[in-house]
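Colleague: Need coordinates for the below:
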Amino acid sequence: MGNRDVRVRGLAARAGGWSARHRWAAVGIWVLFVVLAMGLGSAAGRVDVDEGDQLKGETHTAAQIIDDAGIKQPAGESVLIQSREAGVTATGAGFRAAVADVVKAVEGTGEVTSVTSPYDTHTISRDGRSALVQFDMRGDAKTAVDRVEPVLSAVAGVRKAHGDLRIEEIGGASMQKQYKDAFGDDFQQAEYSAVPVALGILLIAFGALVAALLPVALAITAIMATMGLMGLVSHLQPMSDTANSVMLLVGMAVGVDYCLFYLRREREERLAGRDPGTALRIAAATSGRAVIVSGVTVCVAMAGMLFTGLAEFEAMGLASLMVVAVAMVGSVTVLPALLSLLGERVEKGRIPFLGRRRPRRATGEGSRFWTAVLRGVLAKPLVSVVVAAGALLAVAAPALGMKTQQLTLDQEFGKSLPIVQTYNRVNDAFPGGSEPAQVVVEARDINAPEVRQALADFKQRAITSGASRGPIDIRLHPAQNVALVSVPLVGGSDMDRAVKSLDKLRDEVRPATLGKVAGVRAPITGQVAGNHDFNDQLLGSVVPVFAFVVVFAFLLMLLSFRSLTVAITSIVLNLLSVGAAYGILVAVFQHGWGASLVGAQGVGAIVTWLPLFLFVILFGLSMDYHVFVVSRIREARLRGRSTTDAIRHGVVTTAGVVTSAAVIMVAVFAIFGTLSMQSMKQMGVGLAAAVLIDATVIRGVLLPAVMALLGERNWYLPKWLHRLPDLTHDEAPEAVASRPVREEGERLPV
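Modeller: Predicted structure coming up:
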């Protein structure tokens, strides 16, 4: 097996030993670190990802041209005036009166500028039943949502006066306003719910208030410190609200998990008769080591997001990596100090009935349920592998037909929001009008005859090619030598058709017109273009990200366990877990099978960013359980147990902590599955399902069955790999227990 010699070394053991001996210093340093991180982060402020820097390529080039020119694009709004009856058209007197009233009402608010009548801009639908009054919000487009309410009220007043017509406002500011009113507190409430849910489950798991509070306190302080660090780091790598929310999710999950692993082992050793000091040293040397191996592996997985080249993903990856690192350090430093300070008082605040239960692991019996499961699994490991792997492959099968896309408004929110219905009506009457492509034309002289002719040719050819039905609006900025061309795309909210229209503009229309003028740049941007470019860039990063995460996770497992077999099986089992999660996502959200059970609906696609995001997060979090269980199995094997007995001991004795940790993760992720946004539902359900599968089928059935089949081959390491660095740092409990307690300042042998 190798590494049978008992060695007294390891970063976790040394960190835990130092913290236990210098407990007040350890606690003080941690508190100082959290306070300093928050204070410095607050003073530095957070720099968020700029919309123009989200992507590379044409979208980024267009944003850069606009920024360099100093052009401030206002928030555009439109008011749809539409007849309810086929016989009423825009040429009627009543319709004209309504248009005039809308123009007068919005101008009267003092919040708008550049109000245009549909009779001047020809924004009247082909059937003559719909027209658009268009205008811009005054001031900064980013804060327009805070000033749009008076305009919405003015439009509502006109609507009441013309009950025979449909009069509705739509635009960036009004859409954000309605989302904010409907779902503004939705996400925040879910974040706040995570803490009491985790605390409630920990109370049940430990049966004591103090023991339950420790993991939550560690997770919260790790999150607080990371929020401060995000402010400092954002000046090098911009952050975002999304990155903050993902950091909170990951921080709560790993912070509670790491503390739970450590605390359960210390508690188990005390209940087995060890004195508090010995129990703490054993926990530091065993669970502490598992926490470090797991934490480093999760950090590597999160670092995979840095290879996407997408600013939002890079922000999420860096924020997640930081919170995992902070939680890991806290678990092996301040936690031993707190446990040393509390001693037996960690059992204070016992919950009636729950507090009286003596954990079965204290007597070596382990979990009755998992003991029964393991009995069957180890009796027929081949059958168990075939059945469990077959079931997971069947669950993963729908993933082969996965379709990804950016979700449209009605896919994201359903049809419950009035703004979604307005969006669909505008798109039906003016295809692409609510999400036009924007051509940013930069020339040496925008007024040069050849440039003006090219713009006119572009406008004409865009319509004759079938890419747009118009109206196409050209706004010149002579001082900056820039022109902004708004092109409604044929296809509207149908993304597949809209992308085909975009491709025509980029590949056919532009080269034949603007592309023939020397010195002209004309990148095409807009909502559809941004989504399309995002998809292409994300798909291009899948292979590098997958390769980086898998290769480095494999190397870490190889170095940490000195076993080629353990490293390979770790990767295969984690990939199987992720595949099953993909299959559930596709079945529920793409095909709609059982969607109503989670309050969702089949929308025909998975949101583009989710598969890669899930892979990175799940691959990292799955290592929590895997490292913890395999470490316990390896520890038992080093103590002389047979491989089968070591597997039984490792799985059964860790079953309680893995179950508790999994229940917390599933509960927290499931909260996000209750949110109104379809993309958040997909994320929450995907994460919850994967963690549940990982903690039950993978760790409780497949892992022990595969290891039982492999036997001594589990610990196989080819001779040519013996030269690799040895990161095992084995620490047998007996060796720790027999070691004398060192005085303050005495050095620990390495």
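
Colleague: Now do stretch 400-409: distance from first to last residue.
Modeller: End-to-end span of stretch 400-409 (Cα to Cα, to the nearest Å): 26 Å.

Colleague: swap that for stretch 514-528, sorry
Modeller: The straight-line separation of the ends of stretch 514-528 (Cα to Cα) is 21 Å.

Colleague: The helix ranked longest in the chain - contacts with which helices or strands?
Modeller: Ranked by residue count under DSSP state H, the longest helix found in the chain is helix 527-561. Packing partners of helix 527-561 (3 or more Cβ pairs under 8 Å, 6 or more residues apart in numbering; DSSP states H and E): helix 58-69, helix 287-303, strand 404-405, strand 437-442, helix 495-504, helix 564-585, helix 610-638. Any C-beta I mention is one placed from the backbone N, CA and C, and that applies to glycine too.

Colleague: The ones you listed: which one's closest to residue 697?
Modeller: With Cβ to Cβ as the criterion, residue 697 lies closest to helix 564-585 of these, at 8.1 Å.

Colleague: list the helices and strands whichever helix or strand comes after that closest one packs on?
Modeller: The first helix or strand that comes after helix 564-585 along the chain, using DSSP states H and E, is strand 606-607. Counting by 3+ Cβ pairs under 8 Å, 6+ apart, the packing neighbours recorded for strand 606-607 are strand 404-405, helix 678-693.

Colleague: Strand 606-607 pairs with which strands, parallel or anti?
Modeller: strand 404-405 (parallel) (DSSP bridges).

Colleague: From the chain's centre, how far out is the partner strand? Work that out for me.
Modeller: When distances are taken as Cα atoms, centre = their mean, to the nearest Å, strand 404-405 is centred 16 Å away from the chain's centroid.

Colleague: Can you tell me what sits against that strand?
Modeller: 495, 531, 535, 605, 606, 607, 608, 610, 611 (Cβ atoms under 8 Å, 6 or more residues apart in numbering).

Colleague: could you give the mean pLDDT of that strand?
Modeller: Strand 404-405 carries an average pLDDT of 80.

Colleague: for stretch 431-448, same thing?
Modeller: Per-residue scores along stretch 431-448 average to 82.

Colleague: Need the distance between the two termini of that stretch.
Modeller: 32 Å.

Colleague: ok so, going back, lowest pLDDT pick from the contacts of strand 404-405?
Modeller: Ranked by pLDDT, these bottom out at residue 495, which scores 72.

Colleague: neighbours around that residue, how many?
Modeller: 22 (other Cβ atoms under 10 Å).

Colleague: where are the low-confidence patches of the chain?
Modeller: 1-10, 51-55, 182-189, 191, 353-367, 415-416, 432-434, 492-494, 726-750 (pLDDT under 70).

Colleague: Where do the strands of it begin and end?
Modeller: 76-83, 112-116, 130-137, 165-171, 404-405, 437-442, 473-477, 482-487, 524-526, 606-607 (DSSP state E).

Colleague: who touches the last one?
Modeller: Going back to what we said before, that points to strand 606-607. 402-407, 585-586, 589-590, 678-679, 682.

Colleague: and the two most separated of those residues?
Modeller: Distances among the contacts of strand 606-607 were taken as Cβ to Cβ; the most separated pair is 406 and 586, at 16.9 Å.

Colleague: who's more crowded, the two?
Modeller: Neighbour totals were compared for residue 406 and residue 586, and residue 586 leads with 24 against 19 (other Cβ under 10 Å).

Colleague: Pull up the gap between residue 258 and residue 298, please.
Modeller: 10 Å (Cβ to Cβ, to the nearest Å).

Colleague: Which neighbours do these two have in common?
Modeller: With Cβ under 8 Å, 6+ apart as the test, residue 258 and residue 298 both reach residue 624.

Colleague: Would you mind measuring from the closest residue to residue 607 other than its chain neighbours to residue 608?
Modeller: Leaving out its chain neighbours, the residue that sits closest to residue 607 by Cβ to Cβ, 6 or more residues apart in numbering is residue 679, at 4.3 Å. In this view, residue 679 and residue 608 are 9 Å apart by Cβ to Cβ.

Colleague: ok, the residue located most distally from the centre of the chain to residue 160 distance?
Modeller: In terms of distance from the mean C-alpha position of the chain, residue 93 ranks first, at 53.1 Å (Cα atoms, centre = their mean). Distance from residue 93 to residue 160, counting by Cβ to Cβ: 19 Å.

Colleague: can you check residue 11 too?
Modeller: 71 Å.

Colleague: again, but for residue 466
Modeller: Residue 466 is 41 Å from residue 160, where distance means Cβ to Cβ.

Colleague: Just want to know which of the two has more residues nearby.
Modeller: residue 466 (12 against 8).

Colleague: what residues are up against the nearest residue to the more buried one once chain neighbours are set aside?
Modeller: Distances taken as Cβ to Cβ, 6+ apart place residue 490 nearest to residue 466, at 6.3 Å, with adjacent residues excluded. Residue 490 is in contact with 431, 432, 466, 467, 468, 469, 497, 498, 501, counting by Cβ under 8 Å, 6+ apart.

Colleague: buried subset of those?
Modeller: 431, 432, 467, 468, 469, 498, 501 (16 or more other Cβ atoms under 10 Å).

Colleague: Residue 601: which of the residues you listed is nearest?
Modeller: The closest of these to residue 601 turns out to be residue 498 (Cβ to Cβ; 22.3 Å).

Colleague: Quick check: the residue nearest to the closest one when sequence neighbours are not counted vs residue 130, distance?
Modeller: Nearest residue to residue 498 in three dimensions, chain neighbours excluded: residue 491, at 3.6 Å (Cβ to Cβ, 6+ apart). Counting by Cβ to Cβ, the gap from residue 491 to residue 130 is 18 Å.

Colleague: now swap in residue 385 and tell me
Modeller: Residue 385 is 62 Å from residue 130, by Cβ to Cβ.

Colleague: Equivalent analysis for residue 372, please.
Modeller: Distance of residue 372 to residue 130, given as Cβ to Cβ: 67 Å.

Colleague: which of these two has more neighbours?
Modeller: Counted by other Cβ under 10 Å, residue 372 and residue 130 do not tie: residue 130 has more neighbours, with 24 against 11.

Colleague: For the nearest residue to that one once chain neighbours are set aside, give me its contacts.
Modeller: Closest residue to residue 130 apart from its sequence neighbours, by Cβ to Cβ, 6+ apart: residue 429 at 3.8 Å. Residue 429 is in contact with 80, 82, 125, 127, 129, 130, counting by Cβ under 8 Å, 6+ apart.

Colleague: Top of these by number of neighbours, please.
Modeller: Greatest neighbour count in these, by other Cβ under 10 Å, goes to residue 80: 26 neighbours.

Colleague: any idea which residue sits dead centre in this protein?
Modeller: residue 246 (4.9 Å).

Colleague: What separation do you get for the nearest residue to that one once chain neighbours are set aside and residue 306?
Modeller: The shortest distance from residue 246 to any non-neighbouring residue, by Cβ to Cβ, 6+ apart, is to residue 316 (4.7 Å). The spacing between residue 316 and residue 306, counted by Cβ to Cβ, is 10 Å.

Colleague: and what of residue 625?
Modeller: Distance from residue 625 to residue 306, by Cβ to Cβ: 25 Å.

Colleague: So which of those two has more stuff around it?
Modeller: residue 625 (27 against 18).

Colleague: Return the residues in contact with the more buried one.
Modeller: Listed by Cβ under 8 Å, 6+ apart, the contact partners of residue 625 are 658, 661, 662, 694, 695, 698, 699.

Colleague: who's in contact with the second one?
Modeller: Residue 661 makes contact with 256, 257, 260, 261, 624, 625, 695 under the criterion Cβ under 8 Å, 6+ apart.

Colleague: Since that was my last question, I'll sign off now.
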